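In: Pasting the sequence and the predicted model now:
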Amino acid sequence: MEFSEAQRLLSKSCAGVYRPMNQTLKDLQAVRELLAQPERWTQMAYARDAAGSQVPETSTTAVCFCLSGAIWRIIANCSDSAGHSIADSSGRWSAVKNALIPEGAQVSPLRTLTRFNDMEDRSHADILKLLDDTIKRLTDECKDC
C-alpha cells in the first residue's frame, strides 16, 4: 500500500462531527482498515519501514504498525488535519484503549495493548478479532450516533 492509500484510510476517521462514541468507533474502524492486511501489522515496534527498521508511527516511511502504533497513527494524522489539540488526541487514545479493554476485563494479557500485541503466540488474526469484536459491540451500543 502506498502512502497516498494510507492517507485515504486515515481521512475516514476524521470525517463528521466530533462525538466521543462516534469518534471512537470511527477511529477503531480506521485502525481496522489500516491493519487489514497481514503485511501492515508488526510486533515489537510501534511502526516499521519497508526495510523492517523501527520508525515513528507518524513517519511517512512507516508501512506496518503494531496495534498501539496504528491507533496513534490514526489519531495523530487526524489531529494534524482536523486541528484537534494534543488534549483531544490523548482523550481519543484513552477512549479507543478503554473500548478495546472494557473496564473490569478479567483478561490479564490485555492489561496493555502493547503487551497484547507483542505476545509471542499472538497472530494478526487475533488483532483483527479484537478490533472486529470491539467495533461490533460499539456499533450495537451506538445505534443513534
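Out: Received it, and whenever you're ready, just let me know what you need.

In: Wait, Leu100 touches Thr134, no?
Out: Yes: using C-beta atoms under 8 Å, Leu100 is in contact with Thr134, at 5.3 Å. In this view, the C-beta of every residue, glycine as well, is placed from N, C-alpha and C.

In: between the two, what contacts are shared?
Out: Common neighbours of Leu100 and Thr134, using C-beta atoms under 8 Å, 6 or more residues apart in numbering, are Leu28.

In: tell me, how many neighbours does Arg40 end up with?
Out: Per other C-beta atoms under 10 Å, the neighbour tally for Arg40 reads 18.

In: same check, this time on Leu113
Out: 21.

In: same question, Ser53
Out: 10.

In: what does Arg122 give?
Out: The local packing of Arg122 (other C-beta under 10 Å) involves 18 other residues.

In: same check, this time on Leu100
Out: 20.

In: Quick check: it vs Gln54, distance?
Out: Distance, Leu100 to Gln54, using C-beta to C-beta, to the nearest Å: 23 Å.

In: repeat for Arg115
Out: 18 Å.

In: where do the strands sit along this protein?
Out: Ranges of strands within the chain are 47-48, 64-65, based on DSSP state E.

In: Just name whatever secondary elements the first one is in contact with.
Out: Read that as strand 47-48. Strand 47-48 is packed against strand 64-65, with contacts defined by 3 or more C-beta pairs under 8 Å, 6 or more residues apart in numbering; DSSP states H and E.

In: Give me the residues contacting the strand it packs on.
Out: Outside strand 64-65, the residues within contact range by C-beta under 8 Å, 6+ apart are 34-35, 39-42, 46-48, 57, 73.

In: Asp132 touches Arg32, doesn't it?
Out: Yes: between Asp132 and Arg32 a contact is recorded at 7.0 Å, counting by C-beta under 8 Å.

In: List the ones among the contacts of strand 64-65 that fall in helices.
Out: 34, 73 (DSSP state H).

In: Drop anything exposed from the contacts of strand 64-65.
Out: 34-35, 40-42, 46-48, 57, 73 (16 or more other C-beta atoms under 10 Å).
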